[in-house]
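Student: have a look; sequence and predicted model below, questions after that.
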Amino acid sequence: MSVYEAIRRRRDVRAEFTGEIVDDTTLWRLLDAAHRAPSVGNSQPWDFVLVREQATLRKFAEHVAQRRVEFRDALPPERAATFEPIKIEGILESGTGIVVCYDHGRGGPQVLGRATVPETGVYSAVLAIQNFWLAATAEGVGVGWVSFYDPDFLADLIDLPEGIRPVAWLCVGPVDEFQDIPDLERFGWRAGRPLTDAVHHETYRG
């Protein structure tokens, strides 16, 4: 699969996990792809916590379900009705969670390239996620990014040291299929916009 095909087919997977566990050999290849991502000052500020214990997966799934309810209840009625059928996670179905963490202290106090834009450290961790995701798509492995959680809850759940923050919980596992249309478009939450609307010339208003 070409990189362009992987980009085109990549989806945020929720309901399509087969229930099988991704094998360790494949998972290690995906993590290797993530670890080869570019990073500011070559700081490689990421760590990957692999979670497969059923009790931990269940506890996190219950926490996420509660946060989902809180979000739904805060929506106007018409948006709540649109949101209700959208599945937001596959924590138990995937059987494997990967928590991508960020260490701002990695690389020492002078990280080359981060002095004026501190966020480049987190951007680096996100680049690792994108590498992982595209490699997974090429392998026929689904990935779902869970963001309905309290970061402090997740940090406690996986015993993160002080100063290490979670960036993402990724649900990872084999899938039956990749949807042709992203879920948020299929369910009417929000459509994508064309590239022509996103490209500006010389200035933002140009």
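Tutor: Nice, thanks for sending it over. Numbers count the residues shown, from 1 in each chain.

Student: now do the buried residues in stretch 21-39.
Tutor: Buried residues in stretch 21-39, defined by neighbour count with 16 or more other CB atoms under 10 Å: 22, 26, 27, 29, 30, 31, 33, 34, 37, 39. All C-beta atoms are positioned from the backbone trio N, CA, C, and that covers glycine.

Student: element containing the residue lying closest to the last one once chain neighbours are set aside, please.
Tutor: It stands for residue 39. Leaving aside its chain neighbours, residue 39 sits nearest to residue 124 (3.8 Å; criterion: CB to CB, 6 or more residues apart in numbering). Using DSSP states H and E, residue 124 sits in helix 120-138.

Student: packing partners of the lengthiest strand in the chain?
Tutor: The longest strand of the chain (DSSP state E) is strand 164-174. Packing partners of strand 164-174 (3 or more CB pairs under 8 Å, 6 or more residues apart in numbering; DSSP states H and E): helix 91-94, strand 97-103, helix 120-138, strand 141-146, helix 151-157.

Student: out of those, nearest to residue 189?
Tutor: Of all the helices and strands packed on strand 164-174, it is strand 141-146 that lies closest to residue 189, at 15.5 Å by CB to CB.

Student: neighbours around residue 105, how many?
Tutor: Neighbourhood size, residue 105 [other CB atoms under 10 Å]: 12.

Student: can you check residue 115 too?
Tutor: By other CB under 10 Å, neighbour count at residue 115 equals 11.

Student: distance of it relative to residue 41?
Tutor: Remark: distance between residue 115 and residue 41 (CB to CB, to the nearest Å) = 9 Å.

Student: point out the one among the helices and strands packed on strand 164-174 that comes closest to residue 175.
Tutor: Shortest separation from residue 175 across these is recorded for strand 141-146, at 3.7 Å, computed as CB to CB.

Student: for the closest one, output the C-alpha coordinates as PDB.
Tutor: What follows is strand 141-146, C-alpha atoms only, in PDB (Å, rounded to 0.1, in the frame of the first residue of the first chain):
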ATOM      1  CA  VAL A 141      -5.000  -2.800  11.800                       C
ATOM      2  CA  GLY A 142      -7.500  -0.400  13.100                       C
ATOM      3  CA  VAL A 143      -6.800   2.600  15.400                       C
ATOM      4  CA  GLY A 144      -9.200   4.700  17.400                       C
ATOM      5  CA  TRP A 145      -8.200   7.800  19.300                       C
ATOM      6  CA  VAL A 146     -10.100   8.200  22.600                       C
END
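
Student: which residues touch it?
Tutor: By CB atoms under 8 Å, 6 or more residues apart in numbering, the residues outside strand 141-146 that reach it are 11-14, 16-17, 22, 26, 30, 64, 88-91, 94, 129, 132-133, 136-137, 168-175, 178.

Student: partners of the residue nearest to the spatial centre of the chain in the sheet?
Tutor: Ranked by distance to the mean C-alpha position of the chain (CA atoms, centre = their mean), the top residue is residue 145 at 3.1 Å. Beta-bridge pairing of residue 145 under DSSP bridges involves residue 170.
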